[in-house]
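[1] Quick check, what structure comes out for this input:
(3 chains)
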Amino acid sequence: MRRFFKTIKATPMLLALIFIAFFFFPAAIIAPAESVSNAIVTAIGLDKQENEYEVTLLTFLSYPNQSYTERYEIFTSTGGTLSEALTKAGLQLGKAVSLFHTHTAVVSENLLKEDIAPALNYLVRVASLPQSCILIGTNVETKLFMEFVKELDAEADLNLEELTFFNSNYVYWNDTSINSFLQGYYSPTETSLISYMPLVESTDDGIPIDKPLQTEEGEQGSANMESGGSGAQTGGTGSGSSGSSSGGSQSSGQQGGQYELINDGNEIIIKKGKKVADIDRDILRGLNWFSSRTTGAVLILDDVNDENFDHAQLAYKVNQKQIRQHFDYENGVPVCTTSIRLFVNLTEVDASKEELKKKNEASYISDAVRDKIEETVKSQISGAVDVFVQNKTDVLEMYEHFYRAQRGQTKKFLKQIGSPDEFLSHVVFKVVVSVFPN
Amino acid sequence: MLFYDVQNKVEKLKAQLNTSSDVGTRIIEKAAACIGLVYLKSMVDNALFVDGICRPIIASEDVSLQNFSTIISTAEVTQIEDSQAVEKVLMGNVVIIMSGEKNMLAVDILKYPARIPSEPPTSSVIQGPREGFTEDIRTNITLIRRRFYNKNLVLTDLFVGKYSNTRITVAYLNGVANKKVVKEIVDKLNAIDVDGIIDSHYIIKYLEKHPRSLFKQVGSMEKPDIIAAKMLEGRVAIIIDGSPIVLTLPFLFFEEVQASNDYYNSYIYASFIRIVRLLAIMIAVVVPGTYIALRVYHQNIIPIKFLITITNTTKGLPFTPFLEMLFISLLFQILYEVSLRLPSYLGLATSIVGALILGDTGVKAGLISPPAVIVVALAKIALYTVPEQAYQLTILQYLFLFIGGSLGIIGIVGLLVYLVLYLASLDSYGAPYLAPYAPRVYSDLNDGVFMEPTNNMKYRPQSFKTYNKKRQK
Amino acid sequence: MTKTISSRQGAILAALLLFANKILVLPSLMYESSNADGIFILLALLAVEMLILYMFFKVKEAFPYQSFYEIIKKYMGTIVAKLFYVLLLVYFFFKIMLLFNISYIYFHIQVYIDVAYYLFLFAFLLIMTSSVLRGLRAIGRGLEFFYFFIIGCMFFIILLSFANFDKFPLFFDSPPAQYFKGLFSNLFCFGDMLVLFVLMDKIELKKKDEKKFFKYIGASVVILILIYFMFYSIFGQTSFIHKNAISDIITFSYRFIDLGRLDIIAIVTVMFLSFLQLSIYCYALCECFMKLFSKLSIVYTIVVFDAIFIAVVASSLVNYLTVINLGVNVMGYFAIVLHLILPILVLCFIKFSHRRQP
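    From the prediction side, this is the model:
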């Protein structure tokens, strides 16, 4: 004993090690990996059914294998609040729901009709969910959407995360994350844009999957479905493995459908947390002329007549955009002068054989082509702005831009018009397009 | 009479040597004198004994204490008192007892089997000197001497060990090494009161300021070129008879990251490889503990793709993560110990057992997981980038494993902070242990982790407070 | 063996201490009180820190070898000296509680979801105690060792946080009264340079070393401003939501699709910083304590501190909310008192030192 105390006196840190050995080490020996008690949720769906929130979780479930194979399952639960629904989902899973790896949050049409900010409040407060999580709206129940996404990944190895990443970087005007939604929600104009990916019955326009998905009517009385655990589950699957055979799992009495995911660059405008309008690809094109983020747009010029072409159709790819905006007041009217420099390449020509032989180089730009491009760009911008004005949604953030550039005058102007919602309708857009070969 | 007189003295000396079976004696009777020879048969050069000592004695007519040096020309002849006789015999001398003389003579013809200097196994170079120290102190001194054809190389001999009486030589460059450090080292060595010194590691703990510390505080090398370079920087070398490891003081932590190879290659590559060594030390020590901490406490930090692979491959294992890691680590440790002690012809069998049976089959049987095997294998291999510190790093590795499993990542970071603060509080004979980085000694940075070309190293390391600061113009 | 730290180590000590309590919850609190003008409040309060630093240089120049306690005792008497050091003691204790609670909440939310507070209590207390027992020289060398790693991580975090500067909220959008309110309510997170006064006799400082201080502290100031700038640029009007600034600015990076979250870098940096900053505060507190009770050795001092710390934390007397509320409402006054007394003392001492010189 004396020797022990002597050793402790010589090396006091041993005391700390002994303390750790007594109080913390036993837990280390018996503690399992955190994946035993924490579920890995990669996507979360929010829906509202009869005043109750419905949460759908796309969860990664592990099974012993030596290869890089991912297996996902869907778990659904409802509750008066999101926290309650998630707690119930945890009970179903037998694990705590961990949103640290959640990259996508999907919101259904039901919820988009109401203010989604209260629904997202939990996701905003919980520190585990990164604010860079992409927010997607969809037209169907999120349960169905998640089911589709799961099957898409299993069949085609096409990942929702990768789709949304590509869109955020190359297609959309903004990154459509929860953070960008909130930035718009808390701005003076309370306007945000989020991604919209509808699921439609087979149209050959979207991304299909082989397996037909079961809708809510088809799920009741189903003999083939593995039932879930708790009564809170409204039709999610149990722990069956993914990649189930397509088309063979239906029994009589079920209604299934072949769905396709429309990933057309659609977005929706959210004002004060509610959906007010859709933006299709055409409007998005107009919107994207105000952003240098998105590149790779294709300009199709019909009926081009110049010294080399006669009623030809030319397609130009925009490789680079340089946008400069100037915000000023002229005679008390807000004027936004946008100078757009485009660097383009001729990518396709639909013309006669002789014309093709004469002029075919990628850097071909004539005055007529320039005029056509300018006309096309302006018409697309005009179309987009009309939609925004109609819905009183300042997606272009004109109010904020003018406030930054001319604070005093904007405040004065605001007093005249009353509300920032009316601001966009008074803005005069002057667009100057310069086209250069790349 | 003369004969009996010498015989008595010979028997007395033999008795003082406990009548060991290897004590040899010979009495040569001459006309006017009787000469007795006492020696250790195991410690002298027998050919030299016969041809260099016995034959000349027999052949010469006039033999006396005064003219022995003319009779024996093959070795140094010293006059000694009878109290020194035992020591001299033990040191491989032939003690010559002459009739009628109180004093004796000692002739040094020490010879014992010794290794030829060869390349040490832990310090191989692609280009550069390949000589290594041996167990023979005289060879070692010669190897150092050869590098300093200068009178300023000073060697001080000490004899330590009640029974072993081991010869220890303290070597330093006069005018370069700090005299206070030399004195302190000599005093510490003289103060050692122990039975015997078998190897240089026996005296390390006496020289360390913090003997209970896990960390090495005395440098140890097997190559004379490295020792010479360190002496030129102001360090003191300690050579121990019977050990091929020569010690140097003061010692700094970052010396372990440096290798002799660095000075014989491009300085850019040397800087790069030193960073790799440092990274290897970090990997070896920290990675297993961090892996456990992340798996048990901080799954959320692991990127999703890693997490999926790890979760899939660890599903259904019978061990908890900590036990699995401990099991694999201990397995590696056992394999290592076995490979040290097994004869070389069984090495192949050990490799097969280790790699295939324990590693591959263990994974296939679902006992251990591939990520854990990779982590432990990487950590164990990384340990040997600095083989001199391998034992200390192994203990640290287990410590980090213990702390990572118990406290998670805050324990890992806390232990790192504690270790650095601890190392920062250590000093090695006046030189801060973490110099030149903590405290920063700017002039020494040209040979720290990053290396400058040798023509830029104009000053000796200032951490050692040497007198002669300038190395080159 | 010398018990002082070099001027470089002193500069690094001050530079790293500048990050204490300022990179987690403070940016969000500043936004709540003053919107984007929080940056001006940051600059103003940093200027106050620089002023304290300047006063430190002047006093050190006038009294190169004496401690601040000895100087006050000599010119103002023992009672004044002890009173001032009692104020400092309470101040440093509050700082330790604040830093401990902020760090604890951060780690608890980010990486230790289900773990009880006593793990943190044990880990932090152990490091604080061992650092104090090892001495200021070990702390100084340890700071020097970790400095470039920490600063490198900070720059890495700033580089990896992709900000859109167009989103930066406008300056001067708040009424003037908000500035003063902001200055007062956020003052409790500043005032770290007071540590230098406590360690005055233990820092070797020559006239030419002042530039070194400004160099290192300048780098910290630049990094702090950049962090605030990035934070407000990324989150704009939603800055009030994000209570872990340095972690959130890097988590926002959606571009790292394959790597996933990179906030581990922020977490590890904050861990290192917390340990080192708590060690410094604890050492300063123990110094104050030993000056007040001169018969106590460092071992007894740290044992007393440990006991009080455990008692306070375990009793939940001072938890996160209490500390923040105290800081916003009460400690501002305390800090003002300290910041007012100090220049008066300094001016007096400088005058006395001029008087005694022929």
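[2] Pull out the buried residues from the strand or helix carrying residue C:47.
    Per DSSP states H and E, residue C:47 falls inside helix C:38-62. By neighbour count with 16 or more other CB atoms under 10 Å in any protein chain shown, helix C:38-62 contains the buried residues C:38-42, C:45-46, C:48-50, C:52-57, C:59-60, C:62. Bear in mind the C-beta positions are built from the backbone N, C-alpha and C, glycine included.
[3] Tell me the residues of chain A that contact chain B?
    A:10-11, A:13, A:17, A:20-21, A:24-25, A:27-35, A:38, A:40, A:42, A:60, A:62-70, A:98, A:100-101, A:103, A:128 (CB under 8 Å from any CB of the partner chain).
[4] typo on my end, the stretch 51-200 of chain C
    Near chain B, when you scan the stretch 51-200 of chain C using CB under 8 Å from any CB, you find C:107, C:110-113, C:115, C:119-120, C:122-124, C:126-127, C:130-131, C:134-135, C:137-142, C:144-146.
[5] Buried among these? Make that a PyMOL selection.
    Listed next is the PyMOL selection for buried residues among these, using 16+ other CB under 10 Å:
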select buried, chain C and resi 107+110+111+112+113+115+119+120+122+123+124+126+127+130+131+134+135+137+138+139+140+141+142+144+145+146
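[6] contacts with chain A among the residues of the stretch 51-200 of chain C next to chain B, please.
    C:110, C:113, C:119, C:122, C:126, C:130.
[7] Between those residues, which sits nearest residue B:358?
    residue C:119 (34.8 Å; CB to CB).
[8] my guess is the closest one contacts residue B:406, does it?
    No - here residue C:119 lies out of contact with residue B:406, judged by CB atoms under 8 Å, at a distance of 9.0 Å.
[9] so what's in contact with the two at the same time?
    Residues touching both residue C:119 and residue B:406 (CB atoms under 8 Å, 6 or more residues apart in numbering or on different chains): residue A:24.
[10] Could you list the low-confidence segments of the stretch 301-438 of chain A?
    Along the stretch 301-438 of chain A, the parts satisfying pLDDT under 70 run over A:354-360.
[11] Check the stretch 51-200 of chain C too.
    For the stretch 51-200 of chain C, no range has pLDDT under 70.
[12] Report the closest residue of it relative to chain A.
    residue C:109 (4.2 Å; CB to the nearest CB).
[13] okay, now that residue: neighbour count?
    Using other CB atoms under 10 Å in any protein chain shown, residue C:109 has 15 other residues around it.
[14] and the gap between it and chain B?
    11 Å (CB to the nearest CB, to the nearest Å).
[15] Quick check: what element follows the helix or strand containing that residue along the chain?
    Residue C:109 belongs to helix C:78-110 when assigned by DSSP H and E. Using DSSP H and E, the next helix or strand after helix C:78-110 towards the C-terminus is helix C:117-134.
[16] Show me how the record splits chain A into domains.
    A:1-31, A:34-261, A:280-437 (automatic domain parsing).
[17] buried stuff in the helix holding residue C:109?
    Buried residues in helix C:78-110 (16+ other CB under 10 Å): C:81-82, C:84-85, C:87-89, C:91-108, C:110.
[18] for stretch C:206-225, same thing?
    Quick answer for stretch C:206-225 (16+ other CB under 10 Å): C:209, C:210, C:212, C:213, C:214, C:216, C:217, C:219, C:220, C:221, C:223, C:224.
[19] Could you do stretch B:443-461 as well?
    Buried positions in stretch B:443-461, judged by neighbour count with 16+ other CB under 10 Å: B:444, B:446, B:447, B:448, B:451, B:457, B:460, B:461.
[20] May I ask which of those comes out lowest in pLDDT?
    Minimum pLDDT for these is recorded at residue B:457 (82).
[21] quick one, phi/psi of the residue nearest to that one when sequence neighbours are not counted?
    Nearest non-adjacent residue to residue B:457, counting by CB to CB, 6 or more residues apart in numbering or on different chains: residue B:446, 5.5 Å away. Main-chain dihedrals, residue B:446, degrees, to the nearest 10: phi -70, psi 0.
[22] Now do the SS call for residue C:180.
    Counting by DSSP: H, G, I helix; E, B strand; the rest coil, the backbone at residue C:180 sits in helix.
[23] does residue A:342 count as helix, strand or coil?
    Residue A:342 ends up strand, using three-state DSSP.
[24] if we can go back for a sec, do you know how far the residue nearest to residue B:457 is from chain A?
    On the measure of CB to the nearest CB, residue B:446 and chain A end up 35 Å apart.
[25] Could I get the contacting residues of that residue?
    Per CB under 8 Å, 6+ apart, neighbours of residue B:446: B:452, B:456, B:457.
[26] what sits against the residue lying closest to residue C:271 once chain neighbours are set aside?
    Closest residue to residue C:271 apart from its sequence neighbours, by CB to CB, 6+ apart: residue B:413 at 4.2 Å. By CB under 8 Å, 6+ apart, residue B:413 lies in contact with C:268, C:271, C:272, C:275.
[27] I believe residue A:42 is in a strand; please confirm or correct that.
    Yes - looking at residue A:42 with three-state DSSP, it is inside a strand.
[28] Now it: closest residue in space, sequence neighbours ignored.
    residue A:58 (5.4 Å).
[29] Pick out the residue of the stretch 151-300 of chain A closest to chain B.
    Counting by CB to the nearest CB, the stretch 151-300 of chain A gets nearest chain B through residue A:161, at 8.9 Å.
[30] Please verify my assumption that that residue contacts residue A:72.
    No - Residue A:161 is beyond contact range of residue A:72, at 11.8 Å (criterion: CB under 8 Å).
[31] Identify the contacts common to those two.
    Going by CB under 8 Å, 6+ apart, residues that sit against residue A:161 and also against residue A:72 are residue A:42.
[32] mind listing which of the contacts of residue B:413 are in helices?
    If you go by DSSP state H, the contacts of residue B:413 have C:268, C:271, C:272, C:275 in helices.
[33] hang on, the earlier thing: any idea how far residue B:280 is from the residue nearest to residue C:271?
    20 Å (CB to CB, to the nearest Å).
[34] Enumerate the residues of chain B near chain A.
    Counting by CB under 8 Å from any CB, the residues of chain B near chain A are B:212, B:292, B:295-301, B:304, B:307-309, B:311-316, B:320-323, B:363, B:366, B:370, B:402-403, B:405-407, B:411, B:418.
[35] let's see it at 6 Å
    B:212, B:295-296, B:299-300, B:304, B:308-309, B:311-312, B:315-316, B:320-322, B:405-407 (CB under 6 Å from any CB of the partner chain).
[36] Could you tell me which of the residues you listed are located in helices?
    Using DSSP H, the residues of chain B next to chain A in helices are B:295, B:296, B:304, B:308, B:309, B:311, B:312, B:321, B:322, B:405, B:406, B:407.
[37] The first one contacts residue B:320, doesn't it?
    Read it as residue B:295. No - Residue B:295 is beyond contact range of residue B:320, at 9.5 Å (criterion: CB atoms under 6 Å).
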